[in-house]
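Student: Could you work out the structure for the sequence below:
(2 chains)
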Amino acid sequence: MDEALDGGISTVRSGGESRDLTWRPPRWVVARRLLRDRPAVAGALVLAVFALVSIAAPLVAPHDPAAVNGRAILQPPGEVYRLGTDNLGRDILSRLIYGARWTLGTALLAAAAIVVIGVSVGLVAGYFGGLIDDILMRIVDVLLAFPSLVLALAIVGTLGPSLRNVMIGMVAVWWVDYARVIRGLTVGMREREFVTSAHCAGASAPHIIFRHLLPNVIPSVIVLATLELGSLMLAISGLSFLGLGAQPPTPEWGTMLNDGRAFFQRAPQLMVYPGLAITIAVIGSNLVGDGLRDVLDPRFKR
Amino acid sequence: MIPYLLRRLVYLGPVWLGISFIAFALSSLSPGDPARLTLQRQLDRQPTAEEVTRARQDLGLNDPFAVRYVQWVGQAVTGDLGTSYRTGEPVLGALLERFPNTLRITLLGLGGAVVVALPLGVMAAVWRNSPLDHLSRIVSLLGASMPSYWVAYLLILLFAVRLHMLPVAGRGTWQHMVLPATTLGLATSASLMRLTRSEMLEVLGQDFVRTSRAKGLGPRAVVVGHALRNALIPVVTVAGMRFAGLLGGAVIVETIFAWPGIGKFVLDSIFDRDYPVIQGFVVFMGTVFLLVNLVVDLSYGLLDPRIRLGHR
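Tutor: Just a heads-up that it's a prediction; the model follows:
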């Protein structure tokens, strides 16, 4: 599809009414439709509960997540330790509760950095076009030429294992998707009347980008970010699981799984619960992402 | 077809150079001094400052970045990716030796995923909103949300520890490949199933399907002969793209199952700060990924003549 067509014909006929590509339903319609989407509401509740629990961890956790108890090693789930204990006698439930801070916090922080970089690159490339666009998009092409985990793994491996380096590795690789999508949207808007008129009124490039283009891509950014939050969590705890991310005794969920590997035949609870926590969190964000996509930006529907 | 192929090949060159550049630039991220690291391995003691200076000179580390990059690419093109600090093997040889093992579980995983996903996706589309369709939705959500490294241990607990049906880890018999391949293929299977379903739904609503029904074709001929053929193109594309992703994901699975593939080798190298291997891995996987994408592009050129002739 060539750009002229995308940018020139900005209105499409849909359901008998004329509707342009940047048209969005008003907020109250979005909110009402979302609230009617029961899986999305369930997903949002799950995420909210996880967020609350991680913020209120000191109040909610029944034990100190770092407290070692030599007389309660590898205990199965029971009265005192609801989900059992690990190989050092630490309470698994409390570690999971504190772990939510690490796993979710890292994913959110990485997602924020990814969004900022990806959206900036996409807007700049799409608005200016020409040489800048060419250079940025060739960089994107090269980064897209890797399975994302391979490059992230190599970056973390070279920098050395730590949660900070995992975040650097993830951000370095994942901004590309956003840049590509946002560039596409921006190119489509560049020739539109509202941009041209802002230009004629003497608006500067930063003004046009931030005040006119950015607001129009935000719904797509929100959809993309929630859709990818789950895979981001999976990737970050995956690297931690390999021993490249958070280091023991940090109760990051992936790190807990890695710690539990040696004992999992004797004490399956070491593996079962942290994995379950990751799965539930990822399901939550996937459900919310699907719901938001259906309401805000059906173009991402696959 | 030939001009199409040429266009694609010409495009590969710059991208490959970009890949090699990233791989080379990685080395400047490493906190250690390569000269010191190499000497430590060779001498088995802390080298003196003088020895390090001489080694830096000998290894060409004092040359400007651009000179070193050109030299390195020149060697990489001829298949020389340096030697491993850890084992002293040539990096390319070491990677090539282990690659077939990775390829084996990846192909098995992908093949299994397609075999499971296609019929289920088609059935979910044909019997839309049936219990089977709802089940497929739940299964695909789970498949996309469960960490593979967790699923692997659940599978081990069930099939190896409780039921004693399959070995826990290692290699040797075909049974050793079942759990790694299943772990690897599960998420792909879930997403391919959803994709097959949505593509089938779209195709089934088109006029030519109604026409073939109207002219009296049986349901099987309509679904398999007409609809599936058209729904297959995006599915093949995604399966191909997934294949390269699976090669990357094999790192985790190989580590869990002690499977002697390229991923486990790289992870061991990472913990040993064996930078030439990490670098070589990036070039190698990038190259494989490019070739896989090329084959995928060409294959749907074969499936759909419109793409081959450039009408799209």
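
Student: Report the contact partners of A:Val282.
Tutor: Neighbouring residues of A:Val282 by Cβ atoms under 8 Å, 6 or more residues apart in numbering or on different chains: A:230-231, A:233-234, B:144-147. C-betas here are computed from N, CA, C, even on glycine.

Student: Can you tell me which of the residues you listed is nearest B:Phe289?
Tutor: Taking Cβ to Cβ as the measure, B:Phe289 lies nearest A:Ser231 of the contacts of A:Val282, at 18.1 Å.

Student: Check which helix or strand the closest one maps to.
Tutor: helix A:214-241 (DSSP states H and E).

Student: Quick check: buried residues in that helix?
Tutor: Burial within helix A:214-241, assessed by neighbour count using 16 or more other Cβ atoms under 10 Å in any protein chain shown, is assigned to A:214, A:216-217, A:219-241.

Student: Let me see the contact set for residue 146.
Tutor: Defaulting to chain A. A:173, B:19, B:248, B:282, B:285-286, B:289.

Student: oops, chain B please
Tutor: A:275, A:279, A:282, B:186-187.

Student: Quick check: of the residues you listed, which lies closest to B:Tyr11?
Tutor: B:Ala187 (29.7 Å).

Student: In three-state terms, label that closest one for me.
Tutor: helix (DSSP: H, G, I helix; E, B strand; the rest coil).

Student: what's the neighbour count on it?
Tutor: 26 (other Cβ atoms under 10 Å in any protein chain shown).

Student: so who does it touch?
Tutor: Residues in contact with B:Ala187 (Cβ under 8 Å, 6+ apart) are B:143-144, B:146, B:148.

Student: That one and A:Phe128, how far apart?
Tutor: Per Cβ to Cβ, to the nearest Å, B:Ala187 is found 38 Å from A:Phe128.

Student: What sits closest to the residue most central in space within chain A if chain neighbours are left out?
Tutor: Centroid check for chain A by Cα atoms, centre = their mean gives A:Leu229 as the closest residue, at 2.3 Å. Leaving aside its chain neighbours, A:Leu229 sits nearest to A:Ser285 (4.3 Å; criterion: Cβ to Cβ, 6 or more residues apart in numbering or on different chains).

Student: One more: A:Ala267?
Tutor: Spatial nearest neighbour of A:Ala267, excluding adjacent residues (Cβ to Cβ, 6+ apart): A:Leu74 at 4.3 Å.

Student: where does the one you found land on pLDDT?
Tutor: Note on A:Leu74: pLDDT of 80.

Student: repeat for A:Thr255
Tutor: 91.

Student: mind listing what it touches?
Tutor: Neighbours of A:Thr255 in contact, by Cβ under 8 Å, 6+ apart: A:237, A:240-241, A:245-248.

Student: Before we move on, what's the pLDDT of residue 163?
Tutor: Answering for chain A, as no chain was given. 92.

Student: Please refer instead to chain B.
Tutor: 85.

Student: cool, B:Val77 as well?
Tutor: pLDDT, read off for B:Val77, is 87.

Student: do the same with A:Leu239
Tutor: 93.

Student: My guess is it contacts A:Arg164. True?
Tutor: No. Using Cβ atoms under 8 Å, A:Leu239 makes no contact with A:Arg164, being 11.9 Å away.

Student: so what secondary structure elements neighbour the longest helix along chain B?
Tutor: Longest helix in chain B, counting residues (DSSP state H): helix B:91-126. Where contact means 3 or more Cβ pairs under 8 Å, 6 or more residues apart in numbering or on different chains; DSSP states H and E, helix B:91-126 is packed against helix B:131-145, helix B:175-204, helix B:229-256, helix B:262-271, helix B:275-303.

Student: Adding mean pLDDT and distance to A:Arg180 as columns, could you present the ones you listed in JSON lines?
Tutor: Listed next are the helices and strands packed on helix B:91-126 as JSON lines, based on pLDDT from 0 to 100; distance: least, Cβ to Cβ, whole Å:
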{"stretch": "helix B:131-145", "mean pLDDT": "89", "distance to A:Arg180": "21"}
{"stretch": "helix B:175-204", "mean pLDDT": "89", "distance to A:Arg180": "20"}
{"stretch": "helix B:229-256", "mean pLDDT": "85", "distance to A:Arg180": "14"}
{"stretch": "helix B:262-271", "mean pLDDT": "92", "distance to A:Arg180": "27"}
{"stretch": "helix B:275-303", "mean pLDDT": "85", "distance to A:Arg180": "15"}
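
Student: Distance to A:Ile55 added to those, as TSV?
Tutor: Compiled in TSV, these are given as follows (distance: least, Cβ to Cβ, whole Å):
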stretch	distance to A:Ile55
helix B:131-145	23
helix B:175-204	31
helix B:229-256	30
helix B:262-271	34
helix B:275-303	38
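
Student: Return the residues of the stretch 1-150 of chain B in contact with chain A.
Tutor: Listed as neighbours of chain A in the stretch 1-150 of chain B under the rule Cβ under 8 Å from any Cβ of the partner chain: B:14-15, B:18-19, B:21-23, B:26-27, B:29-31, B:141-142, B:144-150.

Student: how about a cut-off of 6 Å?
Tutor: Within the stretch 1-150 of chain B, the positions adjacent to chain A are B:15, B:18-19, B:26, B:29-30, B:145-147, B:149-150 by Cβ under 6 Å from any Cβ of the partner chain.

Student: Residue ranges in the stretch 151-300 of chain A under the pLDDT threshold?
Tutor: Low-confidence segments of the stretch 151-300 of chain A (pLDDT under 70): A:297-300.

Student: Can you name the residue of it nearest to chain B?
Tutor: A:Gly275 (3.0 Å; Cβ to the nearest Cβ).

Student: do the longest helix anywhere in chain A and chain B meet?
Tutor: If you go by DSSP H, chain A has its longest helix at helix A:92-128. No. Shown here: helix A:92-128 not in contact with chain B (Cβ under 6 Å from any Cβ), separated by at least 10.9 Å.

Student: what's the angle from the following helix or strand past that helix to helix B:275-303?
Tutor: Next in sequence after helix A:92-128, counting helices and strands by DSSP H and E, comes helix A:130-144. Here helix A:130-144 runs at 100 degrees with respect to helix B:275-303, directions being taken by axes from the mean of the first three to the mean of the last three Cα atoms, to 10 degrees.

Student: And for helix A:130-144, what's in contact with it?
Tutor: The contact list for helix A:130-144 (Cβ atoms under 6 Å, 6 or more residues apart in numbering or on different chains) reads A:121, A:125, A:176, A:179-180, B:15, B:18.

Student: hmm, back to that, how about the residue of the stretch 151-300 of chain A closest to chain B, nearest residue that isn't a chain neighbour?
Tutor: Leaving aside its chain neighbours, A:Gly275 sits nearest to B:Trp150 (3.0 Å; criterion: Cβ to Cβ, 6+ apart).

Student: likewise B:Arg68?
Tutor: Closest to B:Arg68 by Cβ to Cβ, 6+ apart is B:Gly60, at 6.3 Å.

Student: got it, and B:Arg273?
Tutor: Here the residue nearest B:Arg273, using Cβ to Cβ, 6+ apart, is B:Gly32, at 6.1 Å.
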